[in-house]
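Asker: Here's a sequence, model it:
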Amino acid sequence: QVQLAESGGGLVQAGGSLRLSCAASGRTFRMAWFRQASGKEREFVATIRWNDGTTYYVDSVKGRFTISRDNAKNTVYLQMNSLKPEDTAVYYCAAAEKWSLMVGSANRYDYWGQGTQVTVSS
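Answerer: Below is the predicted model of the structure:
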(Lines give C-alpha, C1' and ligand atoms only; values in the text may rest on other atoms or scores of the structure.)
Protein backbone atom coordinates (compact mmCIF):
# COMPACT_ATOMS: atom_id res chain seq x y z
CA GLN A 1 0.00 0.00 0.00
CA VAL A 2 1.39 3.38 -1.03
CA GLN A 3 0.30 6.57 0.64
CA LEU A 4 0.31 9.90 -1.16
CA ALA A 5 0.34 13.35 0.41
CA GLU A 6 -0.24 16.47 -1.66
CA SER A 7 0.69 20.01 -0.70
CA GLY A 8 1.07 23.41 -2.30
CA GLY A 9 -2.44 24.41 -3.27
CA GLY A 10 -3.86 27.85 -2.62
CA LEU A 11 -5.37 31.02 -4.04
CA VAL A 12 -3.61 32.83 -6.87
CA GLN A 13 -4.51 35.50 -9.38
CA ALA A 14 -4.82 34.72 -13.07
CA GLY A 15 -1.41 34.67 -14.69
CA GLY A 16 0.26 33.57 -11.47
CA SER A 17 2.07 30.37 -10.55
CA LEU A 18 1.82 27.57 -8.01
CA ARG A 19 3.81 24.41 -7.40
CA LEU A 20 2.13 21.29 -6.10
CA SER A 21 4.04 18.50 -4.41
CA CYS A 22 3.12 14.86 -3.88
CA ALA A 23 5.19 12.77 -1.49
CA ALA A 24 4.85 9.01 -1.94
CA SER A 25 5.54 6.44 0.77
CA GLY A 26 6.76 3.92 -1.80
CA ARG A 27 7.83 3.56 -5.42
CA THR A 28 5.36 2.65 -8.20
CA PHE A 29 5.55 2.64 -12.00
CA ARG A 30 3.93 5.98 -12.75
CA MET A 31 2.64 9.09 -11.02
CA ALA A 32 0.01 11.51 -12.24
CA TRP A 33 -2.00 14.59 -11.43
CA PHE A 34 -5.73 14.77 -11.97
CA ARG A 35 -8.11 17.59 -11.16
CA GLN A 36 -11.79 17.92 -10.47
CA ALA A 37 -13.66 21.19 -10.75
CA SER A 38 -16.91 21.69 -8.89
CA GLY A 39 -19.73 19.87 -10.66
CA LYS A 40 -17.41 18.24 -13.21
CA GLU A 41 -15.78 14.86 -13.67
CA ARG A 42 -12.22 14.18 -12.64
CA GLU A 43 -9.82 15.14 -15.43
CA PHE A 44 -6.34 13.92 -16.27
CA VAL A 45 -3.69 16.65 -16.16
CA ALA A 46 -0.21 15.12 -16.44
CA THR A 47 1.76 11.97 -15.77
CA ILE A 48 5.38 10.91 -15.35
CA ARG A 49 7.19 7.58 -15.19
CA TRP A 50 9.58 7.08 -12.31
CA ASN A 51 12.23 5.18 -14.24
CA ASP A 52 12.87 7.44 -17.23
CA GLY A 53 10.82 10.58 -16.58
CA THR A 54 8.61 10.22 -19.66
CA THR A 55 5.75 12.69 -19.42
CA TYR A 56 2.34 13.27 -20.98
CA TYR A 57 -0.01 16.22 -20.62
CA VAL A 58 -3.57 17.08 -21.41
CA ASP A 59 -3.64 19.60 -24.25
CA SER A 60 -5.15 22.37 -22.13
CA VAL A 61 -2.06 22.60 -19.90
CA LYS A 62 0.74 22.00 -22.41
CA GLY A 63 3.26 24.80 -22.30
CA ARG A 64 1.97 26.04 -18.94
CA PHE A 65 2.33 23.08 -16.55
CA THR A 66 5.38 20.92 -15.94
CA ILE A 67 5.43 17.61 -14.10
CA SER A 68 8.72 16.47 -12.61
CA ARG A 69 10.05 14.00 -10.08
CA ASP A 70 12.72 13.71 -7.44
CA ASN A 71 13.58 10.03 -7.19
CA ALA A 72 15.62 10.46 -4.03
CA LYS A 73 12.68 12.06 -2.22
CA ASN A 74 9.94 9.92 -3.83
CA THR A 75 8.23 13.19 -4.64
CA VAL A 76 6.48 14.42 -7.75
CA TYR A 77 5.84 18.05 -8.55
CA LEU A 78 3.44 19.99 -10.74
CA GLN A 79 4.69 23.44 -11.62
CA MET A 80 1.74 25.50 -12.83
CA ASN A 81 2.42 28.77 -14.64
CA SER A 82 0.16 31.23 -16.44
CA LEU A 83 -2.77 29.99 -14.41
CA LYS A 84 -6.29 30.64 -15.63
CA PRO A 85 -9.60 30.72 -13.77
CA GLU A 86 -10.57 27.51 -15.56
CA ASP A 87 -7.66 25.77 -13.79
CA THR A 88 -9.58 26.11 -10.53
CA ALA A 89 -10.14 22.63 -9.11
CA VAL A 90 -9.14 20.14 -6.48
CA TYR A 91 -5.90 18.58 -7.66
CA TYR A 92 -5.23 14.92 -6.86
CA CYS A 93 -2.01 12.99 -6.99
CA ALA A 94 -2.27 9.38 -8.17
CA ALA A 95 0.06 6.40 -8.52
CA ALA A 96 -0.09 3.36 -10.78
CA GLU A 97 1.64 0.06 -10.03
CA LYS A 98 1.72 -1.19 -13.62
CA TRP A 99 2.21 -0.01 -17.18
CA SER A 100 -0.93 0.89 -19.12
CA LEU A 101 -1.58 2.48 -22.49
CA MET A 102 -4.46 4.43 -20.93
CA VAL A 103 -2.37 6.83 -18.87
CA GLY A 104 -5.19 9.37 -18.72
CA SER A 105 -7.78 7.01 -17.27
CA ALA A 106 -8.36 7.36 -13.55
CA ASN A 107 -9.19 3.67 -13.21
CA ARG A 108 -5.62 2.77 -14.21
CA TYR A 109 -4.32 4.26 -10.96
CA ASP A 110 -4.13 2.31 -7.74
CA TYR A 111 -3.51 4.96 -5.10
CA TRP A 112 -4.83 8.47 -4.59
CA GLY A 113 -4.05 11.40 -2.38
CA GLN A 114 -6.63 13.47 -0.52
CA GLY A 115 -6.45 16.39 -2.91
CA THR A 116 -5.41 20.01 -2.63
CA GLN A 117 -7.51 23.00 -3.66
CA VAL A 118 -6.23 25.38 -6.33
CA THR A 119 -8.25 28.54 -6.87
CA VAL A 120 -7.41 31.02 -9.61
CA SER A 121 -9.14 34.37 -9.40
CA SER A 122 -9.81 36.53 -12.45
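
Asker: Going by C-alpha atoms from here, please, whenever you check contacts or count neighbours.
Answerer: OK.

Asker: For S17, the count of nearby residues, please.
Answerer: As a burial measure, S17 scores 17 neighbours (other C-alpha atoms under 10 Å).

Asker: which residues does it contact?
Answerer: S17 sits next to Q79, M80, N81, S82, L83 when contact means C-alpha atoms under 8 Å, 6 or more residues apart in numbering.

Asker: Mind pulling up the pLDDT for the spatially most central residue of the chain?
Answerer: Most central in the chain under C-alpha atoms, centre = their mean is W33, positioned 2.0 Å from the mean C-alpha point. W33 is assigned 98 on the pLDDT scale.

Asker: which residue ranges form the strands in this structure?
Answerer: Per DSSP state E, the chain carries strands over the ranges 4-7, 10-13, 18-24, 30-36, 43-49, 55-57, 65-70, 75-80, 89-96, 111-112, 116-121.

Asker: want to try JSON lines for those, with distance to V103 as columns?
Answerer: Below are these laid out as JSON lines (distance: least, C-alpha to C-alpha, whole Å):
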{"stretch": "strand 4-7", "distance to V103": "18"}
{"stretch": "strand 10-13", "distance to V103": "27"}
{"stretch": "strand 18-24", "distance to V103": "18"}
{"stretch": "strand 30-36", "distance to V103": "8"}
{"stretch": "strand 43-49", "distance to V103": "7"}
{"stretch": "strand 55-57", "distance to V103": "8"}
{"stretch": "strand 65-70", "distance to V103": "14"}
{"stretch": "strand 75-80", "distance to V103": "16"}
{"stretch": "strand 89-96", "distance to V103": "9"}
{"stretch": "strand 111-112", "distance to V103": "14"}
{"stretch": "strand 116-121", "distance to V103": "21"}
